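J.: got a structure for you, letters missing:
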């Protein structure tokens with residue numbers, strides 16, 4: 001596994017960075033021979049962490065959009 005593949009997503013990553021790690025992790029999991037558990041566990045952890053970053057970003061955007069829509073409706 002390369003250095004870039006083993007880096008854990010962080011709160012400071014952009015959505016696009018985390019999403020790319022998520023996609024790469026899922027692609028690798030689809031192709032990985034499950035017999036090598038020493039490589040599988042970190043890959044699952046990394047992919048799960050990237051998913052969490054993406055989910056948090058999407059939830060934050062959803063909250064902002066809902067707030068903006070509510071504010072726009074109240075100002076009518």
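T.: Cool, got the structure. These numbers were taken from a predicted model, which means no experiment stands behind them. Numbering: from 1, shown residues only.
J.: following the helix or strand bottoming out on mean pLDDT in the chain, which helix or strand shows up next?
T.: Of all helical and strand segments in the chain, the minimum by mean pLDDT, DSSP states H and E falls on helix 3-6, at a mean of 44. Under the assignment DSSP states H and E, the closest C-terminal helix or strand after helix 3-6 is helix 15-31.
J.: for residue 25, grab the count of nearby residues.
T.: 22 (other Cβ atoms under 10 Å). In short, each C-beta sits where N, CA and C put it, glycine included.
J.: hang on, it packs against residue 49?
T.: No - using Cβ atoms under 8 Å, residue 25 is not in contact with residue 49, being 9.2 Å away.
J.: in whichever helix or strand residue 63 is part of, what's buried?
T.: When elements are assigned from DSSP H and E, residue 63 belongs to helix 37-74. Neighbour-count burial for helix 37-74, counted by 16 or more other Cβ atoms under 10 Å, picks out 43, 46, 47, 49, 50, 51, 53, 54, 57.
J.: how about the last one: what's its closest non-neighbour residue?
T.: Leaving aside its sequence neighbours, residue 57 sits nearest to residue 15 (Cβ to Cβ, 6 or more residues apart in numbering; 4.3 Å).
J.: the one you found: neighbour count?
T.: By other Cβ under 10 Å, neighbour count at residue 15 equals 14.
J.: and the pLDDT at residue 41?
T.: Here the pLDDT value assigned to residue 41 is 87.
J.: please tell me how far it sits from residue 51.
T.: 16 Å (Cβ to Cβ, to the nearest Å).
J.: what's the answer for residue 58, then?
T.: 10 Å.
J.: please apply the same query to residue 62.
T.: Relative to residue 51, and taking Cβ to Cβ, residue 62 is found at 16 Å.
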